[in-house]
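K.L.:
One predicted model, sequence on top.
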Amino acid sequence: MNPLKRLGQQTAIYGISSIVGRFINYLLVPLFTYYFTPAEYGVVSEFYAYSGFFAVVLVFGFETGYFRFRDKSGADPDRVYATALRFLLAANAVFFLVLLIGSDVLARALQHGDHPEYVIWIAAILTLDAVGAIAFAKLRAQEKALRFAVIKIIEILINVALCLLFIVYAQRVQGRPDALLGMLWDPAVGVGYIFIANLAASAVKLLLLAPQLRGIVWGFDGVLFGQMLRYSWPMVIIGFAGIINEMLDRALMKYLLPYDTQTNLAQLGIYSACYKLSILMSLFIQAFRYAGEPFFFAHAKEKNATRTYAEVMNYLVIFCVFIFLVVTLYLDVFQYFIGAAFRAGLDIVPVQLLAHLFLGMYVALSIWYKLTDRTLLGAYVSVGGAVLTIGLLFWWVPVFGYMGAAWATLTCYFSMALVSYLLGRKYYPVPYDLWRALAYILLGIALYIGNNMLIHFTGIMSLLSGSVMLALFLIAAYVFDVRKLVRAKPPA
């Protein structure tokens, strides 16, 4: 099978699980934004922003390290996996115990002293998810994308079901003598029910991954562990820097906005809810990352590997621009996924979509340091992006509010993609058609702007004009690129 089509199939399976599953989960956004105030939703966004940083650290880069060492000549994949699994189990157990003991102190430091249980619940979620991450990596390496997808969807369905049970049903029947489940609702817990549902879903997920966790019996190799740690720890820096770029805005906004705490939390809630409208782009990038990482390693030794990687980049950009147009051209429809009180922040959506487009390009471009074992140099790129993000957030958020945070994200990801491209030309040259990619991006932006102008000056229905603009892009993409992939014959 054509390797690009194989990657496409794997990305599609991961993507279906992410898109279907996360779309189901995404339906919780209207629930949260209709049942909770912007300030309450801001608390949820704040805690999940913090958890994003720990999620990266607690995996220690061993997902990528596992892929790298299991494919090395003479390696025993089972021993590589067992070494990574045992280490992550031990490290995360220590992490959970530390936060369990210090939950009161940490909650007060975060200005949530009335709810130390939030810290404990988040710590438990992080621990379960970190161990599950290496089990999922094994499924990805074995190309068991369907099992991966099913488990992910089950996890999300449980999370959604429990949120509906707690927040909608139990709250509605509270106090009714014939409704036993009404006793589940405690107003003092409030948004904490979101964390409880997440924790239960993560626990079920780990149970479903039990066959992969049996790999711990294959033994621990101390020498191999040292090699994996040396390779993988820069990935922690890269991942941590990536989380700074992705989530620091939500972690800091409460402190950077020039208003009182409740108003700042409300602004954070609005920003976070509108940020969710770029979910389609995020889901695709996540699916591509899942399928792309093992794909790049598996094809590295092939004769035409670099040409294949260049084609991957081209189709990645096409699909990202397509998603950008789908969301922005039909934003009048997408806006109803969030409550009316949150729609003041819709202007950030096109900016965040473009930011994630460049993030996707950076993910594809980052093969140069992974395939040449220059992970430390790759870490410098991520750290540079993080420093840029921090500087721009402290500069722009107090002045421009949450729009400043959106533009900071876009500036960061564009800069990282550009620097990664330049370094890749030196260390692992790939014949990317940069001008072609840029043309598609500019075409997408032009169609978006043209659509807004057409609606403004003619009063035409937004759905009609948006559909015309989207059709124009699809025609151009098919004529210049997609038809070649559709007609490509498998290698003899």
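P.N.:
That came through fine.

K.L.:
can you give me the strands for the chain?
P.N.:
Secondary structure of the chain (DSSP state E): no strands located.

K.L.:
Any stretches of it with poor pLDDT?
P.N.:
1-26, 71, 73-75, 173, 175-182, 215-218, 485-492 (pLDDT under 70).

K.L.:
can you pull the buried residues of the longest helix seen in it?
P.N.:
Counting by DSSP state H, the longest helix found in the chain is helix 222-256. Buried residues in helix 222-256, counted by 16 or more other CB atoms under 10 Å: 224-225, 227-229, 231-254, 256. Where C-beta positions appear, they are placed from N, C-alpha and C, glycine not excepted.

K.L.:
Which strands and helices lie in contact with it?
P.N.:
Judged by 3 or more CB pairs under 8 Å, 6 or more residues apart in numbering; DSSP states H and E, helix 222-256 is in contact with helix 38-57, helix 62-70, helix 77-101, helix 261-275, helix 375-400, helix 402-427.

K.L.:
And these: which comes nearest D129?
P.N.:
Between D129 and those, the tightest spacing by CB to CB is seen for helix 38-57, at 6.4 Å.

K.L.:
The closest one to helix 222-256, inter-axis angle?
P.N.:
160 degrees (axes from the mean of the first three to the mean of the last three CA atoms, to 10 degrees).

K.L.:
Pull out the CA atoms of helix 38-57 and give them to me as PDB.
P.N.:
Extracted C-alpha coordinates of helix 38-57, given in PDB (Å, rounded to 0.1, in the frame of the first residue of the first chain):
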ATOM      1  CA  PRO A  38     -18.000  32.200  33.300                       C
ATOM      2  CA  ALA A  39     -16.200  32.600  36.600                       C
ATOM      3  CA  GLU A  40     -17.000  29.000  37.600                       C
ATOM      4  CA  TYR A  41     -16.000  27.600  34.300                       C
ATOM      5  CA  GLY A  42     -12.800  29.700  34.700                       C
ATOM      6  CA  VAL A  43     -11.900  27.500  37.700                       C
ATOM      7  CA  VAL A  44     -12.200  24.400  35.600                       C
ATOM      8  CA  SER A  45     -10.000  25.900  32.900                       C
ATOM      9  CA  GLU A  46      -7.500  27.000  35.400                       C
ATOM     10  CA  PHE A  47      -7.100  23.500  37.000                       C
ATOM     11  CA  TYR A  48      -6.900  21.800  33.600                       C
ATOM     12  CA  ALA A  49      -4.300  24.300  32.500                       C
ATOM     13  CA  TYR A  50      -2.200  23.300  35.600                       C
ATOM     14  CA  SER A  51      -2.700  19.600  34.900                       C
ATOM     15  CA  GLY A  52      -1.400  20.100  31.300                       C
ATOM     16  CA  PHE A  53       2.000  20.900  32.600                       C
ATOM     17  CA  PHE A  54       2.200  17.900  35.000                       C
ATOM     18  CA  ALA A  55       0.800  15.600  32.300                       C
ATOM     19  CA  VAL A  56       3.900  16.200  30.200                       C
ATOM     20  CA  VAL A  57       6.400  15.800  33.000                       C
END
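
K.L.:
name the helices or strands packed onto it?
P.N.:
helix 28-35, helix 116-141, helix 222-256, helix 261-275.

K.L.:
now that helix, how far from the centre of its chain.
P.N.:
Offset of helix 38-57 from its chain centre (CA atoms, centre = their mean, to the nearest Å): 13 Å.

K.L.:
Would you mind getting the angle between it and helix 261-275?
P.N.:
70 degrees.

K.L.:
for helix 38-57, which positions count as buried?
P.N.:
38-57.

K.L.:
separation between the closest residue to G404 other than its chain neighbours and T411?
P.N.:
The shortest distance from G404 to any non-neighbouring residue, by CB to CB, 6 or more residues apart in numbering, is to W396 (2.9 Å). As judged by CB to CB, to the nearest Å, W396 and T411 stand 9 Å apart.

K.L.:
and if you look at A141?
P.N.:
Distance from A141 to T411, by CB to CB: 35 Å.

K.L.:
repeat for I154
P.N.:
Taking CB to CB, one finds I154 at 38 Å from T411.

K.L.:
More neighbours: the two, which one.
P.N.:
In this view I154 and T411 are compared by other CB atoms under 10 Å, and T411 has more residues nearby, 18 against 15.

K.L.:
wait, that one sits on W395?
P.N.:
No. T411 is beyond contact range of W395, at 10.9 Å (criterion: CB atoms under 8 Å).

K.L.:
do you know how far L164 is from L31?
P.N.:
7 Å.

K.L.:
Let me see the contact set for the spatially closest residue to S467 that is not a sequence neighbour.
P.N.:
The spatially closest residue to S467, leaving aside those adjacent along the chain, is L329, at 7.7 Å (CB to CB, 6+ apart). Contacts for L329 (CB atoms under 8 Å, 6 or more residues apart in numbering) come out as L447, Y448, N451, S462, S465, G466, S467, M469, L470.

K.L.:
and V98, how many neighbours?
P.N.:
12.

K.L.:
so who does the residue lying closest to W233 once chain neighbours are set aside touch?
P.N.:
Excluding the flanking residues, the one nearest W233 by CB to CB, 6+ apart is G61, at 6.1 Å. By CB under 8 Å, 6+ apart, the residues touching G61 are Y231, S232, W233, P234, M235, V236, I238, G239, T375.

K.L.:
same check, this time on V381
P.N.:
I238, Y369, M416, V419, S420, L423.

K.L.:
which ones are touching the nearest residue to the second one once chain neighbours are set aside?
P.N.:
Translated: Y369. Spatial nearest neighbour of Y369, excluding adjacent residues (CB to CB, 6+ apart): G378 at 3.3 Å. Contacts for G378 (CB under 8 Å, 6+ apart) come out as P234, I238, S366, W368, Y369, K370, S420.

K.L.:
Reformat the residues you listed into JSON lines and put distance to R214 next to each item.
P.N.:
JSON lines is the format used below for the contacts of G378 (distance: CB to CB, whole Å):
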{"residue": "P234", "distance to R214": "30"}
{"residue": "I238", "distance to R214": "30"}
{"residue": "S366", "distance to R214": "32"}
{"residue": "W368", "distance to R214": "36"}
{"residue": "Y369", "distance to R214": "33"}
{"residue": "K370", "distance to R214": "29"}
{"residue": "S420", "distance to R214": "38"}
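
K.L.:
Show the buried residues in the residues you listed.
P.N.:
Buried among these by 16+ other CB under 10 Å: P234, I238, S366, W368, Y369, K370, S420.

K.L.:
So the first one is in contact with K370, correct?
P.N.:
No. Checked against CB under 8 Å, the pair P234 and K370 is beyond contact range at 10.4 Å.

K.L.:
Can you tell me how far the residue nearest to Y309 when sequence neighbours are not counted is from T306?
P.N.:
What sits nearest to Y309 in space, not counting adjacent residues and going by CB to CB, 6+ apart, is V430, at 4.9 Å. Remark: distance between V430 and T306 (CB to CB) = 5 Å.

K.L.:
For stretch 307-314, buried residues please.
P.N.:
Quick answer for stretch 307-314 (16+ other CB under 10 Å): T308, Y309, A310, E311, V312, M313, N314.
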